[in-house]
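A.B. asks: Task: produce atomic coordinates for the following.
(one chain, ligands or ions: 1)
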Amino acid sequence: MRTALVTGITGMDGTYLAQLLLSKNYKVFGTFRRASTPNFWRIMSLGLEDKISLVPMDLTDSNSIINALRISQPTEVYNMAASSYVADSFECPLANLDITGSAVMRLLDAIHTIDPHIKFYQSSSSEMYGNNGAPPMNEESPMNPISPYGVAKLSAHHIVNMYRKAYSIHAVSGICFNHEAPLRGLDFVTRKISNAVAKIKLGLCDNLTLGNLDAIRDWGWAPEYVNGIYLMMQQDEPDDYVLATNYGASVREFAIEAMSRAGIDEKVLKQDKRYRRPIDIDKLTGDYTKAYSVLDWEPEYNYFDVAKMMVDADLQRWKDWQDGKMFPWDAYLYPNEAKVLRRCK
Ligand code: GDP
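C.D. replies: Have a look, this model is predicted:
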């Protein structure tokens with residue numbers, strides 16, 4: 001039986017990946033960091049809690065990584081863990097560099113020590129490209145990150161390449177462009193939009209306030225991306241692959257699509273500079289030609305499908321909540337974002 005160890009299993013990608021691997025008869029272990037408030041709502045919302053095994057691990061602690069490898073004895077490790085919110089990486093840049101960047105060296109070094117035949121997947125990110133002025137980006141495009149998160153991801157990307165070449169470890173990088181779904185965290189703009197639009201529709205709030213409306217992103221459907229990740233790991237040779245939709249839309253366009261799905265007036269859309277970052281990437285669009293030709297991977301959903309599916313999911317959740325139903329969910333506990341003071345432009 002194939003065995004996977006998934007770091008970041010409590011996050012969006014980790015949860016969808018665990019579901020996919022279970023459907024392929026993997027034994028799935030997932031690492032988690034102890035927190036005073038449990039964070040298993042995604043795993044529970046897909047009903048995975050009794051199907052996976054959880055192992056405590058902290059990416060800043062090499063011993064805990066070695067223990068997790070010894071306990072799970074994986075054939076494949078998927079590193080889906082990171083401190084993944086770009087805006088917060090400007091607040092805690094060094095912690096981000098450690099968790100998102102250096103931890104990948106800890107993981108690969110532990111694999112090299114314990115069993116170099118373990119395959120390794122690294123979640124690289126389109127944020128590594130920065131404002132390189134040449135979208136759409138492929139695996140060969142120049143990378144000039146402009147956020148602490150992007151810098152950390154690029155260092156991890158190089159680390160993967162180094163372990164691949166120096167020690168012949170089967171280490172794969174998936175350069176994933178933005179990918180979204182109802183399990184997305186509320187910090188990210190798509191979920192912030194779908195959640196606010198649902199609340200406005202039900203009379204629970206009266207505006208959707210965002211920062212930079214002109215940023216263009218390439219938004220795909222996360223469950224399709226974890227399938228691409230799985231396919232990358234099944235290849236004989238480790239390599240880098242871009243996963244994207246090849247299509248860009250602005251934050252404004254995504255918000256308009258979401259509002260139109262719920263049938264609410266665009267007048268609710270407001271801007272506040274508090275939600276702007278010190279620096280932002282203007283346009284990020286990808287080119288998935290290589291994934292298509294090597295992996296036969298092709299996304300079915302575009303940003304407008306994603307916006308509709310996310311609005312529908314959040315509307316249903318808020319309706320269920322109004323009806324007094326109990327279910328694993330994050331939004332009703334989320335603090336008022338306006339009270340969080342971040343460095344802004
Ligand atoms: P990212 O591409 O990984 O940083 O994903 P995000 O969903 O956090 O942000 C996508 C884009 O939306 C970025 O260009 C943000 O500056 C922009 N954006 C505009 N308003 C907001 C907002 O209120 N929250 C967030 N998270 N992003 C916003």
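
A.B. asks: Show me the shaky parts of the stretch 1-150 of the chain.
C.D. replies: Low-confidence segments of the stretch 1-150 of the chain, defined by pLDDT under 70, are absent; every residue clears the threshold.

A.B. asks: Would you map the strands across it?
C.D. replies: Counting by DSSP state E, counting those that start in this stretch, the stretch 1-150 of the chain has strands at residues 3-7, 27-32, 53-56, 76-79, 119-125.

A.B. asks: which residues in the stretch 51-200 of the chain form helices?
C.D. replies: With DSSP state H, counting those that start in this stretch, the ranges of helices along the stretch 51-200 of the chain come out as 62-72, 86-89, 93-96, 103-114, 148-167, 189-201.

A.B. asks: For the second one, buried residues please.
C.D. replies: In this case it means helix 86-89. 86-89 (16 or more other CB atoms under 10 Å). In short, each C-beta sits where N, CA and C put it, glycine included.

A.B. asks: Could you find the residue in this structure that comes nearest to the ligand?
C.D. replies: Taking CB to the nearest ligand atom as the measure, the chain has residue 215 as its residue closest to the ligand, at 3.0 Å.

A.B. asks: what residues are up against that residue?
C.D. replies: Contacts here follow CB atoms under 8 Å, 6 or more residues apart in numbering; on that basis residue 215 touches 250-251, 280-283.

A.B. asks: Cross-reference these with the strands and report the matches.
C.D. replies: residue 250 (DSSP state E).

A.B. asks: could I get the contacts of residue 215 as TSV with pLDDT, distance to the ligand and neighbour count?
C.D. replies: As requested, the contacts of residue 215 are exported to TSV (pLDDT from 0 to 100; distance: CB to the nearest ligand atom, whole Å; neighbours: other CB atoms under 10 Å):
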residue	pLDDT	distance to the ligand	neighbour count
250	98	9	17
251	98	5	20
280	95	5	16
281	96	6	23
282	95	8	13
283	96	9	19
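
A.B. asks: which one of the contacts of residue 215 sits closest to residue 21?
C.D. replies: Proximity of the contacts of residue 215 to residue 21 was ranked by CB to CB; the top entry is residue 281 with 31.3 Å.

A.B. asks: okay, residue 345: pLDDT?
C.D. replies: Residue 345 carries a pLDDT score of 66 in this model.

A.B. asks: and if you look at residue 274?
C.D. replies: Here the pLDDT value assigned to residue 274 is 92.

A.B. asks: and the nearest residue to it once chain neighbours are set aside, how many neighbours?
C.D. replies: Ranked by CB to CB, 6 or more residues apart in numbering and with sequence neighbours excluded, the top spatial neighbour of residue 274 is residue 344, at 5.2 Å. Look at residue 344: counted by other CB atoms under 10 Å, it has 14 neighbours.

A.B. asks: Now for residue 194: which residues touch it?
C.D. replies: Residues in contact with residue 194, defined by CB under 8 Å, 6+ apart, are 182, 258, 307, 310-311, 313-314.

A.B. asks: filter those residues by proximity to the ligand?
C.D. replies: Filtering the contacts of residue 194 for proximity to the ligand by CB under 6 Å from any ligand atom leaves nothing.

A.B. asks: Which one (most neighbours) among those residues?
C.D. replies: With neighbours defined as other CB under 10 Å, the most crowded of those is residue 310; it has 28 neighbours.

A.B. asks: residues in the stretch 101-250 of the chain within reach of the ligand, list them.
C.D. replies: When proximity is defined as CB under 6 Å from any ligand atom, the stretch 101-250 of the chain approaches the ligand at 127, 178, 187-190, 192, 210-212, 215, 217.

A.B. asks: if we go to 8 Å?
C.D. replies: Residues of the stretch 101-250 of the chain lying close to the ligand by CB under 8 Å from any ligand atom are 125-127, 147, 149, 178, 180, 187-192, 209-213, 215, 217.

A.B. asks: Flag the shaky bits of the stretch 151-300 of the chain, pLDDT-wise.
C.D. replies: For the stretch 151-300 of the chain, no stretch has pLDDT under 70.

A.B. asks: which ones are touching residue 291?
C.D. replies: Listed by CB under 8 Å, 6+ apart, the contact set of residue 291 reads 228, 231-232, 241-243, 297.

A.B. asks: May I ask which two of these are separated the most?
C.D. replies: When these are compared pair by pair using CB to CB, the farthest-apart members prove to be 231 and 242, with a separation of 13.2 Å.

A.B. asks: What sits closest to residue 149 if chain neighbours are left out?
C.D. replies: Sequence neighbours aside, residue 89 is the residue nearest to residue 149 in space, at 3.7 Å (criterion: CB to CB, 6+ apart).
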